[in-house]
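K.L.:
I'll drop the sequence and a predicted model, then ask my questions.
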Amino acid sequence: MARSLMPGHQKLAEKLTVLNDRGQGMLTRLYNIRKACLDVESKPKFLYDPKLEPAVKHVEKKFPAINAKSSGNVFGYLSQIRSDVQKNLSIYYETFVDILDFKDHVSELLTTMDACQVTLDIVSASG
């Protein structure tokens with residue numbers, strides 16, 4: 001027995017499809033970042049620079065309340081290589097910002113679906 005979709009529900013189905021495709025793209029980007037960070041050749045060289053160890057330890061200890069101005073020389077070397085760090089990590093940053101945006105869109109859609117009292121009939125296509 002086929003069910004007819006209300007126009008609002010059809011719009012929700014379209015949004016679900018778009019978010020599903022976008023989610024698969026996000027997972028692919030995360031996988032590529034992981035692969036790049038595990039490969040010694042493609043991993044940014046400053047990530048395993050021993051001169052950055054004091055800054056990393058300071059961040060680990062003080063996170064999230066980090067005050068770079070009162071930390072003295074801990075971030076001195078980092079400020080010297082700042083442009084290199086920004087250039088090499090910008091793609092990672094943009095990916096994580098996109099993931100946060102994706103999470104907000106999914107949450108918004110699920111809230112809308114809940115408000116509309118939409119029920120999903122999910123069937124697994126394993127075989």
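P.N.:
Arrived safely.
K.L.:
Grab the most central residue of this protein for me.
P.N.:
What sits nearest the mean C-alpha location of the chain, by C-alpha atoms, centre = their mean, is Phe96, with 2.9 Å.
K.L.:
next one: phi and psi at that one?
P.N.:
Backbone dihedrals for Phe96, given as degrees, to the nearest 10, come out at phi -70, psi -30.
K.L.:
With Gln86 as the reference, measure out to Thr111.
P.N.:
For Thr111, the distance to Gln86 equals 35 Å [C-beta to C-beta, to the nearest Å]. The C-beta positions use only the backbone N, C-alpha and C, and glycine is treated the same way.
K.L.:
Let me see the contact set for Ile91.
P.N.:
Ile33 (C-beta atoms under 8 Å, 6 or more residues apart in numbering).
K.L.:
any idea which helix or strand carries it?
P.N.:
Using DSSP states H and E, Ile91 sits within helix 82-115.
K.L.:
Give the buried residues for that helix.
P.N.:
Residues of helix 82-115 classed as buried: 85, 106, 113 (neighbour count, 16 or more other C-beta atoms under 10 Å).
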